[in-house]
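Student: sequence first, then the predicted structure:
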Amino acid sequence: MRKRAGASFYIFLSLFIFVIMFPFLWVFLTSIKPTIEIFGGFNWFTSNPTFQSYENAINTRPLFLYMWNSIAISSLTTIIAISVASLAAYSVTRLPIKFKGTILGIVLAAAMFPQIAIISPIFNLIQGLGLRNSYMGLVIPYITISLPLAIWILATFFKKIPFELEESAKLDGATPFQTFRKIIFPLAAPGVFTTAILVFIAAWNEYLFALTINSDDNWRTVPVGLSMYQSQYTIPWGDITAATVIVTIPIVIIVLLFQRRIVAGLTSGSVKE
Amino acid sequence: MGKKKGFQLSESQLGYLMVLPALVLIAAVTLWPVAQSFWNSMFDYRLNDPTRNQTTLSYQIDLETYANNYFYIDRDLSSLEDEAEGTDLQPIVMQVRQDIDTYHEELTTLPEVQEQYEIVDEMVMNFEPVNDRDLRYSHLDNDFAEGYIDLLEDAQDTFTDSIAEIGDGDLESSLSQATATLASVDRSLIRPNFIGLTNYGKYLTDARMWSAMWNTVFFTVVSVFFELTIGLAVALVINRAFIGRGAVRAAVLIPWAIPTAVSAMMWNYLYDGQSGVVAHYFEQLGLISDASVLLSTGSGAMFSIILADVWKTMPYMALLLLAGLQTIPESLYEAAEVDGANKMQQFINVTLPMLKSAILVALLFRTLDAFRVFDLIYVLTGGGPANSTESISVYAYQVLFAQSNFGEGSVLSVIVFLAVALISIVFIKLIGSDLFDGKTGKN
């Protein structure tokens, strides 16, 4: 770090954070305004804060059900993706197999596939399996997103674990699977955890599959459910802002708790160390 | 594998076994569906039309419609024969009747149809609807179906021609009655819906497709450009020791982490012509003539979408580039300074080359994400006003699911896929083997 931070730097920084956070700030301020103030004028602060919008947001639509659906679907997706991906990433980075480049190439290509290019066959598949409006109906298509992502990040983390540990385990007579379970996995646990957070967020945010496959209101996820708050004739901004605040809270908590890990995961693929 | 006595796999065998589940899953949920999209795009395939809601290369018969109309054929042709007594038409009608009888006989004794036809016929007699698809439709041998269709169509043509020639009122009405019944029977024989590249021809000359493509390219280029330049500027500025790194990191991560659909809803509110605070301040500042133009005009809506996208992903870009900046050794800058390079020269000759691979990788993933844009546009503008912000993915979604046209929609899917493949190939050529560095094992 060669530059030192001066006063002007902190002013810039505050401005930057303010601009980035402004939409959240304004949405929060709106959510506690009485309806009449939302549609009349642009005062920042209300003198009559109320939770009426929150009550409406919860009562007009099953918001907590959406959140529960999202949690269940994202968790299942994460568990499946991590279990399958950690085997594959371990094999590609540490075992003497051929076609490593090809395998990673396929993984990378799968990560780049546009979802719109596979949505109609996936829709037919899920329909044929009778899984529309169910958790598995979304967990299966989410493998397309989460598995390549998980393999890609895990491969970077697994690569960083020193090979000497593995060699000595081998000398002590451990099978490759034991080495994986007893040596690599505990050492890789932070990387696995980071990957799990990123996969969870990716599944939480998915929109296109959720919109088409789980079209029943009781099976909707947060992004789709929230986008359905606008009705044909009026737009209840109070309800929408309140619902936005509610659904954003879990993400904010995850980010605040795990921000270092998330940054490590995001930058692992793009920066050589 | 944990069992002591069981046979031991060698390391490489175990390795293949461990990648296998991942490869099988990727093949099943990504590669196979893409292949199917290609396949579907060559069919006239519509979910909302029972005669075309499957892709098929062979003829089918709708037994319910067939049984229903065949019942009248014999009656209509007999009365036509009576009416035509003594004219040239009579032998023709007799021939048609015999031929249809022969075909019908053959159809109802086909082993795969016979039993099914009896059940359906029975139901039709009792005025019961046949709702079971498997019961109602049956595949037909292509040669047989084509022969039957030719017969029915020739007969219709002959009868229609005769109507024009004959002035007799009774005969004329019998003729048109018989023609209508023949047409109904004809309709129950369903043609294969393979149409080759016809759908491609339609969409490659479709103005809406090209406008959606242009919107997508414009959105991608402009938003990725601003994300990169602003992100790089921010990364350069905050690449120093300061208090409050945690706050900056959190501020940067939260827009990235919330669902795009949720942020689109937020921006929808901020841009709103009546209650939107961003629209209001922009109007006050004189940036726009009226608060409503942000969402009600084409250029305003495109600007709004790009701003919302830059807001969401620029911080993320800054984060990636900052991580790249921090790996550049201080000694390089010191050496450059000793050589008398000014700040600008240092940036061009040290920072950019060292950042090249980080920038390209970030650009690759951002460009692909931007090109696939769906939720932001779908929620924020719905592609409007008047399709002026419709991206190619949104258009594909509309054709696939709003119009239930899986054949034509798949053409648009394939176009997105090919464009994404092209972008990836160009970037990967630029990045080279760096992309796989540090992943494939010992080196």
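Tutor: Arrived safely, thanks for sending.
Student: list the contacts for residue 196?
Tutor: Reading this off chain A. Going by CB atoms under 8 Å, 6 or more residues apart in numbering or on different chains, A:Ala196 touches A:Thr78, A:Ile82. Every C-beta, even on glycine, is put in place using the N, C-alpha and C of the backbone.
Student: wrong one, I was asking about chain B
Tutor: B:Met42.
Student: so it: helix, strand or coil?
Tutor: Classification of B:Gly196 using DSSP: H, G, I helix; E, B strand; the rest coil returns coil.
Student: next, the buried residues of stretch A:63-80.
Tutor: Within stretch A:63-80, the residues scored as buried using 16 or more other CB atoms under 10 Å in any protein chain shown are A:Leu63, A:Tyr66, A:Met67, A:Asn69, A:Ser70, A:Ile73, A:Ser74, A:Ser75, A:Leu76, A:Thr77, A:Thr78, A:Ile80.
Student: among the residues you listed, which are in helices?
Tutor: Among the buried residues of stretch A:63-80, the members falling in helices (DSSP state H) are A:Leu63, A:Tyr66, A:Met67, A:Asn69, A:Ser70, A:Ile73, A:Ser74, A:Ser75, A:Leu76, A:Thr77, A:Thr78, A:Ile80.
Student: what bits of the stretch 1-150 of chain A have low per-residue confidence?
Tutor: The stretch 1-150 of chain A contains residues with pLDDT under 70 at A:1-5.
Student: likewise for the stretch 51-200 of chain B?
Tutor: For the stretch 51-200 of chain B, applying pLDDT under 70 flags the ranges B:166-168.
Student: hmm, back to that, could you dump the buried residues of stretch A:63-80 into CSV and include distance to chain B?
Tutor: CSV is the format used below for the buried residues of stretch A:63-80 (distance: CB to the nearest CB, whole Å):
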residue, distance to chain B
A:Leu63, 12
A:Tyr66, 11
A:Met67, 12
A:Asn69, 13
A:Ser70, 9
A:Ile73, 13
A:Ser74, 11
A:Ser75, 16
A:Leu76, 14
A:Thr77, 12
A:Thr78, 15
A:Ile80, 9
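Student: show me which pair in these is furthest apart.
Tutor: Taking CB to CB, the two most distant members of the buried residues of stretch A:63-80 are A:Leu63 and A:Ile80; they sit 26.5 Å apart.
Student: what about A:Trp237, how many residues nearby?
Tutor: Per other CB atoms under 10 Å in any protein chain shown, the neighbour tally for A:Trp237 reads 25.
Student: equivalent analysis for A:Leu25, please.
Tutor: The number of residues packed near A:Leu25 is 11, by other CB under 10 Å.
Student: just the one 4 residues further on next, same as before
Tutor: Neighbours of A:Leu29 under the rule other CB under 10 Å: 17.
Student: help me confirm that it comes into contact with A:Phe45.
Tutor: Yes - using CB atoms under 8 Å, A:Leu29 is in contact with A:Phe45, at 6.7 Å.
Student: show me what from the stretch 151-300 of chain B comes close to chain A.
Tutor: B:234, B:237-244, B:246-255, B:257-270, B:272, B:274-275, B:277, B:280 (CB under 8 Å from any CB of the partner chain).
Student: and residue 26, what element?
Tutor: Unless you meant another one, I'm taking chain A. Assigned by DSSP states H and E, A:Trp26 falls within helix A:7-31.
Student: try chain B instead
Tutor: helix B:11-26.
Student: that helix vs chain A: in contact?
Tutor: Yes - contact of helix B:11-26 with chain A (CB under 8 Å from any CB) involves B:Glu11, B:Ser12, B:Leu14, B:Gly15, B:Tyr16, B:Met18, B:Val19, B:Pro21, B:Ala22, B:Leu23, B:Leu25, B:Ile26.
Student: compare those residues and tell me which is most surrounded.
Tutor: Using other CB under 10 Å as the neighbour test, those are led by B:Ala22, with 27 neighbours.
Student: hmm, back to that, contacting residues around the helix holding B:Ile26?
Tutor: Outside helix B:11-26, the residues that touch it by CB under 8 Å, 6+ apart are A:84-85, A:87-88, A:90-92, A:95-98, A:103, A:106-107, A:110, A:143-144, A:147-148, A:151, A:176-177, B:1, B:9.
Student: and stretch A:218-235, end to end?
Tutor: Stretch A:218-235 has its terminal residues 22 Å apart, counting by CA to CA, to the nearest Å.
Student: quick one: mean pLDDT for it?
Tutor: Stretch A:218-235 comes out with an average pLDDT of 85.
Student: residues touching the most centrally placed residue in chain A, list them.
Tutor: Central residue of chain A (CA atoms, centre = their mean): A:Ile201, 0.8 Å from the mean position. For A:Ile201, the contact set (CB under 8 Å, 6+ apart) comprises A:Ile251, A:Ile254, B:Ala257.
Student: if we use 10 Å, what do you get?
Tutor: Going by CB atoms under 10 Å, 6 or more residues apart in numbering or on different chains, A:Ile201 touches A:74, A:78, A:251, A:254-255, A:258, A:262, A:265, B:253, B:256-259.
Student: so which of the residues you listed belong to helices?
Tutor: The members of the contacts of A:Ile201 that map onto helices under DSSP H are A:Ser74, A:Thr78, A:Ile251, A:Ile254, A:Val255, A:Phe258, A:Ile262, A:Gly265, B:Leu253, B:Trp256, B:Ala257.
Student: among those residues, which one has the lowest pLDDT?
Tutor: Within those, pLDDT reaches its minimum at A:Gly265, with 83.
Student: so the closest residue in space to that one that isn't next to it in sequence is in which element?
Tutor: Closest residue to A:Gly265 apart from its sequence neighbours, by CB to CB, 6 or more residues apart in numbering or on different chains: A:Thr194 at 4.0 Å. Per DSSP H and E, A:Thr194 falls inside helix A:185-205.
Student: ok now that helix, how far from the chain's centre?
Tutor: Distance of helix A:185-205 from the chain centroid (CA atoms, centre = their mean, to the nearest Å) equals 10 Å.
Student: which elements pack onto the following helix or strand past that helix?
Tutor: Counting by DSSP H and E, the next helix or strand C-terminal to helix A:185-205 is helix A:208-213. Applying 3 or more CB pairs under 10 Å, 6 or more residues apart in numbering or on different chains; DSSP states H and E, one finds that helix A:208-213 contacts helix A:63-94, helix A:119-128, helix A:135-160, helix A:222-227, helix B:260-271, helix B:375-380, helix B:392-397.
Student: pull out the buried positions in the fifth one.
Tutor: Read that as helix B:260-271. Quick answer for helix B:260-271 (16+ other CB under 10 Å): B:Thr260, B:Ala261, B:Val262, B:Ser263, B:Ala264, B:Met265, B:Met266, B:Trp267, B:Asn268, B:Tyr269, B:Leu270, B:Tyr271.
Student: need the pLDDT of the nearest residue to B:Ala308 once chain neighbours are set aside.
Tutor: Closest residue to B:Ala308 apart from its sequence neighbours, by CB to CB, 6+ apart: B:Trp267 at 4.2 Å. B:Trp267 carries a pLDDT score of 94 in this model.
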